[in-house]
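*Asks:* Next come a sequence and a model predicted from it.
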Amino acid sequence: MAAVTKLWHVFHILDSKNHEFLQKLHMEYGQFVRTGPNEITIFHPAAIQEIEISKNQTTKDVWYDLLKPYKSAIFARDDDLHREWRRSWTQSFSKKCMEAYRSRIAELTKTLSQSISDYEGTPVDIDEVMTWFSFDAMGDILFGEDFGLTRSKSIHPGIVHRDRALSVLGPLEGAIWIARFGFSFTPFLGKVKDWFKLVSFCDDQLRRRIQRPTESLKLDMASFFLEEYNKNAETMNDKDRSLLLSGTVLSAVVTGSDTSRAALIAAFWFLSEYPIHADKIRSELQVLNPYDIDALLTLPHLNGVINEVLRLVPPAMTGLARTTGPNGLVFDGTFIPPFTTIIAPKYVIMRMEAAFEFPNEFIPERWYSRPELVRDERAFAPFGFGNRMCTGKSLAHTELCLTISTLLRRYKIYFAPEYDPQTMWRDMKNQVTAQPGRVLCIFEPLSDVGN
């Protein structure tokens, strides 16, 4: 049936568990699997890198038309436009910008720590608090102003619209025409309506940012996007440059909040399940100046934990759809015909025995003291490769390091007594980004640590 219609695949992942379904297909059929009439999914340690690097002459698949009529570097299928529109993103993560962002994220992690202290030993819903925190961090970095969710312990309508819109897209990764149909002809229905509410939320936040007095502005990503918008007046009409600005902000809102949220939830699940790794990080932190962020970002075990989290729960679990060029593609001795969609699912590839020894085990040491456990480095690509690598990689890494270190300095963290640790995995969904199931933890203050 996969040869007949992509709806076969959609039917099997209506529960938004495409990562598990592809794992089953790989175990049953091997390295190359037809997952649609004109689609091949490749399970190989080198697949992610080989598909992404430019020399293979692959282009982004039609999935990246999702945002139309809005435009964005992330969703640009034309390589020249991608390079041009990516420039404002790259500038917004310059060394100067990152120095400014770091101190603000550090302050937000202190707010998070104080907010958690209010629970006074009662269970903390990690999904909830990391949703507040990641959305606040996104607001501060993108618009120069957080939403105050971590302080107020409240949800924001923008989060609700984001999550509902992504839940529609989860089962439609390879059949984006269904979503496009809904956007065009049923924008008033249910979760489709949430997509447009999310777009409106992003536009409203940008207007608020533009109207803010100059003297109150912080260095933020929006300033670079607005600069690009003004420069484009020379080469683009008003409608197209407005669509690019809106699409860029929309992309930044989703990628800047939802991906880090998933990684933080997973990180505290692993630290609760394997407390020895929390203790090792605390040992590293004891000899470190708490204000030396540069040193923090290089701590071996802390970074090993982060790498293992991103390997086992990658923010983008499947996706990565590309189309082969007019000459096709030879991969590992196998010819893939021209204009064929090819997929390299990160969740499966980063758990392959060919790439990692004990691939399903959480072993942070494989990233610094036990390198023999990494059999093929090409398989590790949570942020992609080359000129298609996520520009926010350094920011995401900083956010993870600061959040984990801040909370481990102050708290002993373990699962709530009534919590079933398998809940996170059992309820994990793949909805464009990873959506871990609920995690409930107790944060017990460490007696020898101050505020």
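*Replies:* On my side now, so go ahead.
*Asks:* how about the helices in the stretch 51-200 of the chain?
*Replies:* Ranges of helices in the stretch 51-200 of the chain, per DSSP state H, counting those that start in this stretch, are 79-92, 95-117, 126-143, 149-152, 157-169, 176-185, 190-211.
*Asks:* Among those helices, which comes closest to residue 20?
*Replies:* Proximity to residue 20 (CB to CB) singles out helix 157-169 among the helices of the stretch 51-200 of the chain, at 16.8 Å. Yep, even glycine has a C-beta here, placed from its N, CA and C like the rest.
*Asks:* could you give the angle of the closest one to helix 190-211?
*Replies:* 140 degrees (axes from the mean of the first three to the mean of the last three CA atoms, to 10 degrees).
*Asks:* Packed most tightly, which of the helices of the stretch 51-200 of the chain would that be?
*Replies:* helix 126-143 (a mean of 24; mean count of other CB atoms under 10 Å).
*Asks:* Put the alpha carbons of that one into CSV.
*Replies:* Extracted in CSV, the C-alpha atoms of helix 126-143 (Å, rounded to 0.1, in the frame of the first residue of the first chain):
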residue,chain,number,x,y,z
ILE,A,126,8.3,19.5,34.5
ASP,A,127,6.3,19.8,31.2
GLU,A,128,4.4,22.7,32.7
VAL,A,129,7.3,24.7,34.2
MET,A,130,9.6,24.1,31.2
THR,A,131,6.8,25.3,28.9
TRP,A,132,6.6,28.5,30.9
PHE,A,133,10.4,28.9,31.0
SER,A,134,11.1,28.1,27.3
PHE,A,135,8.4,30.5,26.1
ASP,A,136,9.7,33.3,28.4
ALA,A,137,13.2,32.7,27.1
MET,A,138,12.0,32.8,23.5
GLY,A,139,10.1,36.1,24.2
ASP,A,140,13.2,37.7,25.8
ILE,A,141,15.6,36.7,23.0
LEU,A,142,13.3,37.2,20.1
PHE,A,143,11.3,40.3,21.2
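*Asks:* So for that helix, mean pLDDT?
*Replies:* Summarised as a single mean, pLDDT over helix 126-143 is 97.
*Asks:* Distance to residue 428 added to the helices of the stretch 51-200 of the chain, as a markdown table?
*Replies:* Below are the helices of the stretch 51-200 of the chain laid out as a markdown table (distance: least, CB to CB, whole Å):
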| stretch | distance to residue 428 |
| --- | --- |
| helix 79-92 | 29 |
| helix 95-117 | 23 |
| helix 126-143 | 11 |
| helix 149-152 | 23 |
| helix 157-169 | 13 |
| helix 176-185 | 22 |
| helix 190-211 | 20 |
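*Asks:* Relative to residue 382, which of those helices is closest?
*Replies:* helix 126-143 (16.1 Å).
*Asks:* Now do the closest one: which elements does it pack against?
*Replies:* Judged by 3 or more CB pairs under 8 Å, 6 or more residues apart in numbering; DSSP states H and E, the packing partners of helix 126-143 are helix 95-117, helix 149-152, helix 157-169, helix 190-211, helix 221-231, helix 238-273, helix 393-410.
*Asks:* give the contact list for residue 362.
*Replies:* Shown in contact with residue 362 (CB atoms under 8 Å, 6 or more residues apart in numbering): 270, 273, 274, 277, 308, 312.
*Asks:* Now a ChimeraX select for only the buried ones of these.
*Replies:* With 16 or more other CB atoms under 10 Å as the burial test, the buried ones among the contacts of residue 362 are selected in ChimeraX as follows:
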select :270,274,277,308,312
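*Asks:* Report the separation between the residue nearest to the spatial centre of the chain and residue 435.
*Replies:* Nearest to the geometric centre of the chain sits residue 259, at 2.7 Å (CA atoms, centre = their mean). Separation of residue 259 from residue 435 (CB to CB, to the nearest Å): 11 Å.
*Asks:* ok and the helix or strand bottoming out on mean pLDDT in the chain relative to helix 157-169, angle-wise?
*Replies:* Of all regular secondary-structure elements in the chain, judged by mean pLDDT, DSSP states H and E, the least confident is helix 176-185 with a mean of 84. Per the same axes, to 10 degrees, the angle that helix 176-185 makes with helix 157-169 is 130 degrees.
*Asks:* Pull out the C-alpha coordinates of helix 176-185 and format them as PDB.
*Replies:* Output in PDB follows, covering the C-alpha atoms of helix 176-185 (Å, rounded to 0.1, in the frame of the first residue of the first chain):
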ATOM      1  CA  ILE A 176       1.500  18.000   3.800                       C
ATOM      2  CA  TRP A 177      -1.000  18.600   1.000                       C
ATOM      3  CA  ILE A 178      -3.700  17.700   3.500                       C
ATOM      4  CA  ALA A 179      -2.600  20.400   5.900                       C
ATOM      5  CA  ARG A 180      -2.300  22.900   3.000                       C
ATOM      6  CA  PHE A 181      -5.900  22.000   1.900                       C
ATOM      7  CA  GLY A 182      -7.100  22.600   5.400                       C
ATOM      8  CA  PHE A 183      -5.300  26.000   5.600                       C
ATOM      9  CA  SER A 184      -6.800  27.100   2.300                       C
ATOM     10  CA  PHE A 185     -10.400  25.800   2.600                       C
END
